[in-house]
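Trainee: coords please:
(chains A, B and C)
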Amino acid sequence: MAEVSLNAITKSFGAVHVIKGVDLDIQSGEFVVFVGPSGCGKSTLLRLIAGLEDITSGTMKIDGEVVNEVAPSRRGIAMVFQSYALYPHMTVYNNMAFGMKLARASKEEIDKRVRSAADILQLGPYLERLPKALSGGQRQRVAIGRAIVRNPKVFLFDEPLSNLDAALRVATRIEIAKLHEDMAGTTMIYVTHDQVEAMTLADRIVVLNAGMIEQVGPPMELYHNPANLFVARFIGSPAMNVLPAIIEGANGDARVRAEGGDPIRVSNKIPSGSKGRPATLGVRPEDLTLATGHGIFNGKVMLVEKLGEVTMLYVDVPGAKEPVVVKLTGDVSVERGADVGLTTAAGNLHVFDENGISFPRAHA
Amino acid sequence: MERVASALITVIIGVGGAILYFYLSNLLLDTIFSARGKGPEAARNQKIAATIRPWLFLGPALIALCLYLVYPLVDSIRLSLFNRTGETFVGLQNYAWAVNDTQFRESVFNNILWLLVVPATATFLGLVIAFLTDRIWWGNIAKTLIFMPMAISFVGASVIWKFIYDYRSEGSTQIGLLNAMVQGFGIAPQAWITVPFWNNFFLMVILIWIQTGFAMVILSAALRGIPDETIEAAVIDGANGWQLFFFIMIPQIWGTIAVVWTTITILVLKVFDIVLTMTNGQWQTQVLANLMFDWMFRGGGDFGRGAAIAVCIMLAVIPIMIWNIRRANAEMKGR
Amino acid sequence: MIAGRSKSGNAFVHLAVLLLVIVWTAPTAGLLISSLRAKDLLSVSGWWTALTATQQSQVGRAAGPEAQVEENGRYFIRGNVFEGAAAGTVNAFGVKIGDPRAFKAGETADLPSGGTIKVNADGSYEIASDKKFEGTRGQRIFYVAALPPKFTFANYVEVLSTAGIGQSFVNSLTVTIPATIIPVLIAAYAAYALAWMKFPGRALILSLVVGLLVVPLQMSLIPLLRMYNNVGLFFGVPAKTYLGIWLAHTGFGLPLAIYLLRNYMAGLPREVMESARVDGATDFDIFLKIVLPLSLPALASFAIFQFLWVWNDLLVALVFLGAQNDQLVLTGRLVNLLGSRGGNWEILTASAFVTIVVPLIVFLSLQRFLVRGLLAGSVKG
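Mentor: Sure, this is the predicted structure:
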């Protein structure tokens, strides 16, 4: 089986601590996405799993076996690089066959596996071409093919779609999703900074920030129940609106008051000790609707953006540091400068304590 | 002292003169074909000026090139068909002489030896050293030390190595490093540079010693230019150090290896200082470049034969010249 | 570091590189060390022996009786056997000429004429006696000491004053500096024209330059020699002058200069020049005020190249300057010395080092530019 288990993993480059303590258990056959801002350590973590960097402290196991000191080619992994990393002087066929040639596999065995991988990815007509005669998308498929030929337990992807143009990105994303279905039983670990890729491909998402895990969970879990402010703002586009607030009531009478606004009833579980403490109120743009008359948030419309399928409003709400973003479906006519009220169900309100940790909501 | 003063004056005159020439000629051009004003005449003048101006910039360089390189090239070929003073036409007689002359044949044989051994060895060593030094923290210091002989003149290097090859009779204290080591192993010391055939290799060591640094610097940059990810992908594919080197790194820098190899080849054909200083061609070490120098001044100078030898050296260079021009043209099309 | 890589593999790399570095620097080191050794030592022992202390038997004389002091009824003469000379470590000493190792350092020995003598490892000695010392001369002390390597500048002094190296040094400077500056200037203009100006035949001239890069010097020598001789005859001036060699080196150095500078200039941002043109600058202005300043790294690279090349050149100097004694440049002088003073290694090593010290300094201090110049146009995919 192909479980990957990381235990108290740290990685430092000299005095720079890049990974500060990661614990993670990945099930066999799972599609896990590491996501996070630049410099959070997601690529480093992937390279640690691959064995391209050595682990400073902690234990890593693949398929139950400790692999800290095991060379990359012996870990049962295969990797697809962001820049494809094809061998420019070898044909597509030889690129895919290289690993097996090094392992002295028989010619028939090599041919069988290369052609079968080429079939999966429709690379048949290109087998005798050099990489420079291929388009970006074709090169990416060759890189994936090279990985498939290795018959790995764990597939590693390092931002494979970043170098492709937008249309190709969607098509390749779908292909990768299909690949996961076809190769059931193979664990896939995928690194990206694009949360759309994360949301669409992952069984579970690992959100990383500054070398530590912020939250691990299925995409919808992260969307609905972000564990902290960082995850809440990272997942979802446009990002969640946040307003500084004070906790005015706890337990059954949980109330939060944004600066310059009225107290708002929330359905989060707030312990009594938190009364009077500063907090952060969060609500997603897509969860806000226009109220008739006075709403939970009120202010002047600064900017209206009509995109056809959605209308974006930027509302200047007193007390909020940035304009509150509202995402309305369809074509809504609102005048610039108009006074509007915004409302939403209490269950859509997220409250985070002064350290950014979220208070759990009553309904999940 | 006045020598230094005259040199200083020349530099000032030369530099000042060059600047003055360019400034004045441009000024003249702009005055005659004035582009001031907005009328059609100004536009026409500007066009004319723009056509002439490049030639003003190129002028001095073109004259120097033609005078010192192009004309002599042609004239050497011509002189090779004339007698020793360059006055009587003798056809291919000089070449006929060359083919039958023992020293000439010995030189060609030796040159072939040099051409086979030196570029390949220097390139190979440079590649290996570039590969190794990139892996250690003190690599840059090592590279500087190995590159250093390039700053030394061939004559200086020859003195250094003549010292190493020094020979004292058997049993006495050796002051030459090589004989001291050899004697330390119980073998009789030799006068290395007098041993026929093998002495060529001892001379080649000097050029290899100098040129390896050159190869190393260029190949080190080429190795650094290889995308890291192709190496990492090969590591994942299971390649060890040797396999990485041969299957992944070298194929990707073939072009640079070829450039280094051909550059050293050309140098090998031109170098005469080493042979002149070490042996002056004795003990069968003669090479074409030294032979030519010899004939230029021997007995008052035999220009015909000297030119013929020069032409032979040129012939060996032509294939490389064509390859270089083709490469440069292809590159310029890409710009 | 890639996981699973053996640590011992790395040790092998360190060792291999160390070995290579030693092999590469030993020749030059040998030269330098030899040039600093005394003349007589050079011809009898290898330079590597000079690196460690050598054991030598020596004799010194203690201070005479007039230096004795009286302390508590006894008389002492004290001093140091090394006084004035380089200090070493005394291993053993003796008072008879045949037996300098009779006593170990630090022991006390009986003197035949009465009294005792003690010589310590640092060379200090003490002669003690109950009777007052008579006579005028001090005791002779024979000792065996480990002396540190002895170096001297005497060879350099001799070489610079009498062997003509000093004159040749000036000659080399005189040839090299103008021969470096003039080509740079001429080539810069031509390079700019080839990089940024449009005119028919541009590609042709560029191909010509590339082709001329590899033409061996030998092709130019005979015709130019004849031409210089004819010019000399015609104008009644000597054929071999400094002006002649400056111009020759300029001509020979132009292809490389134009090639390097042109490649560099072609890589400069077009927008900077275009915006200057919009501002009304002529080509000449653009060249002087924008391109030239921006091209300084390339100019420096070529200048260093050319400097080293001309300084180290032998062939052009011999042909165009001649082999007369006072006209020889350093390289020529060195060849000359090899012929005339072939056995005097102290002269040869010091002279050789003088010839290489200037390029070495230039190289070590400006290496970065030299490397950049080499790489320009050499690294191909």
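Trainee: isn't there a helix covering C:I117?
Mentor: No - according to DSSP: H, G, I helix; E, B strand; the rest coil, C:I117 belongs to no helix; its state is strand.
Trainee: tell me the contacts of it?
Mentor: The neighbourhood of C:I117, defined by Cβ atoms under 8 Å, 6 or more residues apart in numbering or on different chains, consists of C:62, C:95, C:108-109, C:111, C:125-128, C:139, C:141. From N, CA and C alone the C-beta is placed, and that goes for glycine too.
Trainee: Quick check: of those residues, which lies closest to A:S162?
Mentor: C:Y125 (82.6 Å; Cβ to Cβ).
Trainee: Now do the SS call for that closest one.
Mentor: Once three-state DSSP is applied, C:Y125 turns out strand.
Trainee: if I pick it, what's in contact with it?
Mentor: C:62, C:78-81, C:117-119, C:141.
Trainee: next one: C:P238
Mentor: Here C:P238 is in contact with C:G232 (Cβ under 8 Å, 6+ apart).
Trainee: Kindly reformat the contacts of C:I117 as a markdown table containing secondary structure.
Mentor: Shown next, in a markdown table, are the contacts of C:I117 (three-state DSSP):
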| residue | secondary structure |
| --- | --- |
| C:A62 | coil |
| C:V95 | coil |
| C:T108 | strand |
| C:A109 | strand |
| C:L111 | coil |
| C:Y125 | strand |
| C:E126 | strand |
| C:I127 | strand |
| C:A128 | strand |
| C:Q139 | coil |
| C:I141 | strand |
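Trainee: of those, closest to chain A?
Mentor: Taking Cβ to the nearest Cβ as the measure, chain A lies nearest C:Y125 of the contacts of C:I117, at 57.0 Å.
Trainee: Now rank the contacts of C:Y125 by neighbours and give me the top one.
Mentor: Scoring these on neighbours with other Cβ atoms under 10 Å in any protein chain shown, the highest-scoring entry is C:V119 at 30 neighbours.
Trainee: what residues does chain B put near chain A?
Mentor: B:227, B:229-230, B:232-239, B:243, B:247-248, B:251-252, B:254 (Cβ under 8 Å from any Cβ of the partner chain).
Trainee: Keep only those of these that are in helices.
Mentor: Applying DSSP state H to the residues of chain B next to chain A, the entries found in helices are B:229-230, B:232-236, B:243, B:251-252, B:254.
Trainee: Pull out the buried residues from the residues you listed.
Mentor: Buried residues within these, counting neighbours by 16 or more other Cβ atoms under 10 Å in any protein chain shown: B:229-230, B:232-236, B:243, B:252.
Trainee: Within range of chain A, give me the residues from the stretch 1-150 of chain C.
Mentor: So far as Cβ under 8 Å from any Cβ goes, the stretch 1-150 of chain C lies against chain A at C:1-5.
Trainee: of these, buried ones?
Mentor: C:2-5.
Trainee: Please identify the helix or strand for residue 111.
Mentor: No chain was given, so I picked chain A. Assigning secondary structure by DSSP states H and E places A:D111 in helix A:107-120.
Trainee: meant chain B, my bad for not saying
Mentor: With DSSP H and E as the criterion, B:N111 is inside helix B:102-133.
Trainee: Using neighbour counts, pick out the buried residues of stretch A:193-210.
Mentor: Buried, per 16+ other Cβ under 10 Å, within stretch A:193-210: A:193-195, A:197-199, A:201-209.
Trainee: Show me what it is in contact with.
Mentor: A:20, A:24, A:30-42, A:45, A:159, A:161-162, A:173, A:176-177, A:180, A:190, A:192, A:213-219, A:222-223, A:230-231, A:234-237.
Trainee: go on, stretch A:158-177?
Mentor: So stretch A:158-177 is contacted by A:43, A:46-47, A:79-84, A:121, A:136-137, A:140-141, A:143-144, A:157, A:190-194, A:197, A:200-201 (Cβ under 8 Å, 6+ apart).
Trainee: what do you get for stretch C:138-147?
Mentor: For stretch C:138-147, the external contacting residues (Cβ under 8 Å, 6+ apart) are C:53-65, C:67, C:77, C:81-82, C:86, C:88-97, C:99-101, C:111, C:117, C:119, C:123, C:125, C:127.
Trainee: switch the cut-off to 7 Å
Mentor: C:53-64, C:81, C:86, C:88-95, C:97, C:100-101, C:111, C:117, C:119, C:125, C:127 (Cβ atoms under 7 Å, 6 or more residues apart in numbering or on different chains).
Trainee: Buried members of the residues you listed into PyMOL, please.
Mentor: Here is the PyMOL command that selects the buried residues among the contacts of stretch C:138-147 (16+ other Cβ under 10 Å):
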select buried, chain C and resi 58+60+62+63+81+88+89+90+92+93+94+95+100+117+119+125+127
